[in-house]
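> Provided below for reference: sequence and predicted model.
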Amino acid sequence: MNIDDTRKRIQEIADTNPEAKAALEEHRREYEFRKKLVLARQEAGLTQRELQDLSGLDQRAISRVETDDKISPSIKTLMRYLGAIGYQLDIVRTSQ
């Protein structure tokens, strides 16, 4: 079974199981958020080491925030990360 077959099978399960569908959607949102963090850092022209110097976050912590889907960074960590690259954490209402 290759990666495309695996993705297809996961989607089939999600299509028939509401709990699996919700979990898959949550994972996708987290993945997209992490991609946006990396892109914003790169657009700021910063390496993880440079972000470490600006944010006070350890480079390993920055790497985990950007890539490790097993951890959930604290609000304080996200605020420090974003502030160092010229962004801020905000709450925005979505359509319901």
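Structure's in. What do you need?

> burial measure for Ser95, as a count.
3 (other Cβ atoms under 10 Å). For glycine as for every other residue, the C-beta is placed from the backbone atoms N, C-alpha and C.

> ah, wrong one, I meant Tyr81
23.

> which stretch of helix or strand covers it?
helix 75-84 (DSSP states H and E).

> Check what contacts that helix and list those residues.
37, 40, 46, 51, 54-57, 61-62, 65, 73, 88-89 (Cβ atoms under 8 Å, 6 or more residues apart in numbering).

> mind running it again at 6 Å?
Leu51, Leu54, Ser55, Leu57, Gln88, Leu89 (Cβ atoms under 6 Å, 6 or more residues apart in numbering).

> can you pull the contacts of the second one?
To tie it back to what came earlier, the one meant is Leu54. Ala84.

> buried set for the helix or strand Glu12 falls within?
Element membership of Glu12, judged by DSSP H and E, is helix 3-16. Applying a neighbour-count criterion of 16 or more other Cβ atoms under 10 Å, the buried positions in helix 3-16 are Ala14.
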